[in-house]
Structures are given as structure tokens and as C-alpha cells.
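Asks: fold the following, please.
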Amino acid sequence: MKLINLVSMLLLTAASAAVATTTIYSWTDDNGVVHFSDTPGTQQANTVELSVTEVQHNIQATEVNITQADNVELISITTEAEPSLLAATISLLAPVHQQTIRSNDGDIKIRAVSNRKLNKKLQAQLVIDGKVNGTPQTELTWQLTNIDRGSHQIQIQLLNNGKILASSESITVYLHRVSQARPKNSPIQPR
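Replies: I've put the predicted structure just below:
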């Protein structure tokens, strides 16, 4: 019972302070109730020194070690925390902002990078001129063909189960290609 109360108090103390060192006193009264206080209640009070060096909010496991020497209980708390994830990011590698692309076939190759590994739940989606292009995918490359000449806004979205988790910056590219009024392989006719 004493250990459960002590551990409960330690965990509450650990959760409330990032770095703290303090001394508390514990004693058992005539009815067998264990008391904790920052001041000794009786001369028979035991000194308990708490030392909490770091508290993390995502604790996976906690180990409590209690040793006693010269009427002083030393308590050490060791925690294992799961690594905190950085915010998800996605960025365009190619093409770059304001790039001019010369392709008579209207080809644009797009490459992106993310700090997350893509899978069935976490996918990337291409947005061109404010409209979704194709379906979400687990690859960070796209090969577009027969894109109209002119300027185009390109952005990549990182989706988690269909919800937007992160977006790249929107870039503008300029596609130059021969006029579409003349067929691709038509010979020039002399006059």
C-alpha cells in the first residue's frame, strides 16, 4: 500500500515539473495510514528525496527503483519515451519555381521528397492549376504528357487516409512547345 501511494505521488510530481529536485517526508500514523508532506509531521518521518530530471509526454514504460539508507529512501524513476514525430513535410525537387520547360510533346517530369515513408494510408497527390491530377499514389514521381503550353501552378499534397496532412509550396512553371495549330509531324508546305 505504501509503495502504491508513493509511486502514485511520484508520477503526479513527475508529470507536473520538467526539472525538479525536492524532499518530501512520509510517515505512518496510529491508524496505519501513510502520509506524505513537504514538512515532517512527526519525528519518526522518513525523508524521501525525489529527483526528476526530464518528463516526456509520450512515455511508453516507467521503472521505479527504491533504495533505503540511513532512514532516507532514494527513489529513481527511469522512463522510455517513444520518439516524437516531426511534422509531416513534402517538397518539390523538380521542376523548380519559375522554370521554363521546352518540350514539344508537352512533357513535364515532377519529383518530390517527403520526410515520411509512403504506404497505402499515406499517399501523395499531384495538383496542377488547382485541380487534382490522377489518383493518390505511393511514389513521389510523376510523368505528365501532352500538357498545354503556357504557365502552370504545381503543388504536391501528402494525404493520410484521404485527408491532407501537408502540402508543398505551389510553384509556377512555363511550358514552351510548338503551336498546336500545326500537327506534330506535318511537313511545311511551300507556297
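Asks: touching, residue 97 and residue 174? I think so.
Replies: No. Using CB atoms under 8 Å, residue 97 is not in contact with residue 174, being 10.8 Å away. The way it works is simple: take the backbone N, C-alpha and C, and place the C-beta from them, glycine included.
Asks: between these two, tell me which one has more neighbours.
Replies: residue 174 (14 against 11; other CB atoms under 10 Å).
Asks: does that one have beta-bridge partners, and which?
Replies: residue 100, residue 151 (DSSP bridges).
Asks: hmm, it is touching residue 148, no?
Replies: No. The criterion here is CB under 8 Å, and residue 174 misses it with residue 148 at 11.7 Å.
Asks: where does residue 113 fall, secondary structure wise?
Replies: Assessed by DSSP states H and E, residue 113 sits inside strand 108-114.
Asks: contacts for that strand next, please.
Replies: 88-95, 101, 124, 126, 140-144, 147, 152, 154, 156, 158, 166, 168, 173, 175 (CB atoms under 8 Å, 6 or more residues apart in numbering).
Asks: partner strands of that strand, parallel or antiparallel?
Replies: Here, using DSSP bridges, strand 108-114 pairs with strand 90-94 (antiparallel), strand 141-144 (antiparallel).
Asks: TSV for those strands, including mean neighbour count?
Replies: As requested, the strands paired with strand 108-114 are exported to TSV (neighbours: other CB atoms under 10 Å):
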stretch	mean neighbour count
strand 90-94	16
strand 141-144	14
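Asks: just send the ones you listed back as a markdown table, with mean pLDDT and distance to residue 135 too.
Replies: As requested, the strands paired with strand 108-114 are exported to a markdown table (pLDDT from 0 to 100; distance: least, CB to CB, whole Å):
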| stretch | mean pLDDT | distance to residue 135 |
| --- | --- | --- |
| strand 90-94 | 90 | 17 |
| strand 141-144 | 93 | 11 |
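Asks: now these as JSON lines including distance to residue 112?
Replies: Below are the strands paired with strand 108-114 laid out as JSON lines (distance: least, CB to CB, whole Å):
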{"stretch": "strand 90-94", "distance to residue 112": "5"}
{"stretch": "strand 141-144", "distance to residue 112": "8"}
